[in-house]
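*Asks:* mind folding the following:
(chains A and B)
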Amino acid sequence: DAKTTQPTSMDCAEGRAANLPCNHSTISGNEYVYWYRQIHSQGPQYIIHGLKNNETNEMASLIITEDRKSSTLILPHATLRDTAVYYCIVRVFSSGSARQLTFGSGTQLTVLP
Amino acid sequence: DGGITQSPKYLFRKEGQNVTLSCEQNLNHDAMYWYRQDPGQGLRLIYYSQIVNDFQKGDIAEGYSVSREKKESFPLTVTSAQKNPTAFYLCASSAGLVYNEQFFGPGTRLTVL
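*Replies:* Numbering: from 1, shown residues only, chains lettered A, B, ... in the order given. Next comes the predicted model:
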């Protein structure tokens, strides 16, 4: 799995968009970008994933650069409940065997009132 | 509602005792996982199971045991052989073809006294 680099922490004002960056310069052609988050003392929560096209769901949007070396997770209208550690993971889309998820240090997002 | 449940949420045990953590899912997922998380750290895989009656060791299986007698259940036993069992334990599951999208339970915080 390709290595990812994320800022340690970020703040965002409530109601504003939160943009969380992730660098993955060694990503290979068959690796996807996945985002999870973990609210304090809870289990991680899947947010979104993508290969090369931008993706959007009810939780967030994922913007992947054309060279796929970096991506940005966008929470369009951050709320206090979005305060969590956000993890960017790059890995092959697995369809043959169960594999563990490897979470790095992630970005601590704090949404301020 | 579909999801993963873990019980209990908090567990205390005396040193030298075995303890079993429960994990149940009603998502009809084939694969299930047990992770351990220590304060400020990422997740480490203990055991995983791809199908009923089959399971594999993860990176830190020593001192733990599991069973998978039913598709919806994957209990974890922390034995007295585990040297440092105090941690946050997370159970997860994933569907047959989308293994990277794992759904997590709320976790069990085990404290050894």
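*Asks:* what's the helix or strand harbouring B:Ser65 in contact with?
*Replies:* Per DSSP states H and E, B:Ser65 falls inside strand B:64-66. By CB atoms under 8 Å, 6 or more residues apart in numbering or on different chains, the residues outside strand B:64-66 that reach it are B:34, B:46-47, B:49, B:55, B:74-79, B:82. Every C-beta, even on glycine, is put in place using the N, C-alpha and C of the backbone.
*Asks:* any weak-confidence spans in chain A?
*Replies:* Scanning chain A for pLDDT under 70 picks out A:1-2, A:94-100.
*Asks:* mind running it again at 90?
*Replies:* Counting by pLDDT under 90, the low-confidence segments of chain A come to A:1-3, A:28-31, A:40-41, A:53, A:90-105.
*Asks:* now whichever residue of chain A sits closest to chain B: phi and psi?
*Replies:* Among the residues of chain A, A:Gly43 lies nearest to chain B; the distance is 3.2 Å by CB to the nearest CB. Phi and psi for A:Gly43, reported as degrees, to the nearest 10, are phi -80, psi 150.
*Asks:* for chain A, what is the nearest residue in chain B?
*Replies:* For chain B, CB to the nearest CB, closest residue to chain A: B:Phe104, 3.2 Å.
*Asks:* what sits up against the helix or strand following the strand holding B:Ser65?
*Replies:* Next helix or strand after strand B:64-66 toward the C-terminus (DSSP H and E): strand B:76-78. For strand B:76-78, the surrounding residues in contact (CB under 8 Å, 6+ apart) are B:13, B:18-21, B:23, B:34, B:46-47, B:63-66, B:85, B:89, B:91, B:110.
*Asks:* and strand B:76-78, how far out from the chain middle?
*Replies:* 8 Å (CA atoms, centre = their mean, to the nearest Å).
*Asks:* sheet-wise, list the partners of that strand with their directions.
*Replies:* strand B:19-25 (antiparallel), strand B:64-66 (antiparallel) (DSSP bridges).
*Asks:* need those strands in CSV (columns: distance to A:Cys12).
*Replies:* Putting the strands paired with strand B:76-78 into CSV (distance: least, CB to CB, whole Å) gives the following:
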stretch, distance to A:Cys12
strand B:19-25, 33
strand B:64-66, 39
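*Asks:* turn those into TSV, columns for mean neighbour count and mean pLDDT.
*Replies:* Formatted as TSV, the strands paired with strand B:76-78 follow (neighbours: other CB atoms under 10 Å in any protein chain shown; pLDDT from 0 to 100):
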stretch	mean neighbour count	mean pLDDT
strand B:19-25	19	96
strand B:64-66	20	97
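*Asks:* those: which one's closest to A:Thr56?
*Replies:* strand B:19-25 (27.5 Å; CB to CB).
*Asks:* distance of the residue of chain B closest to chain A from B:Tyr35?
*Replies:* 8 Å (CB to CB, to the nearest Å).
*Asks:* equivalent analysis for B:Tyr10, please.
*Replies:* For B:Tyr10, the distance to B:Tyr35 equals 18 Å [CB to CB].
*Asks:* so between these two, which is more surrounded?
*Replies:* Set B:Tyr10 next to B:Tyr35 and count neighbours by other CB atoms under 10 Å in any protein chain shown: B:Tyr35 wins out with 28 against 9.
*Asks:* for that one, list each beta-bridge partner.
*Replies:* B:Leu45, B:Leu90.
*Asks:* what bridges to the residue lying closest to the residue of chain A closest to chain B once chain neighbours are set aside?
*Replies:* Among residues not flanking A:Gly43 along the chain, B:Phe104 sits closest, at 3.2 Å (CB to CB, 6 or more residues apart in numbering or on different chains). On the basis of DSSP bridges, B:Phe104 is bridged to B:Ala92.
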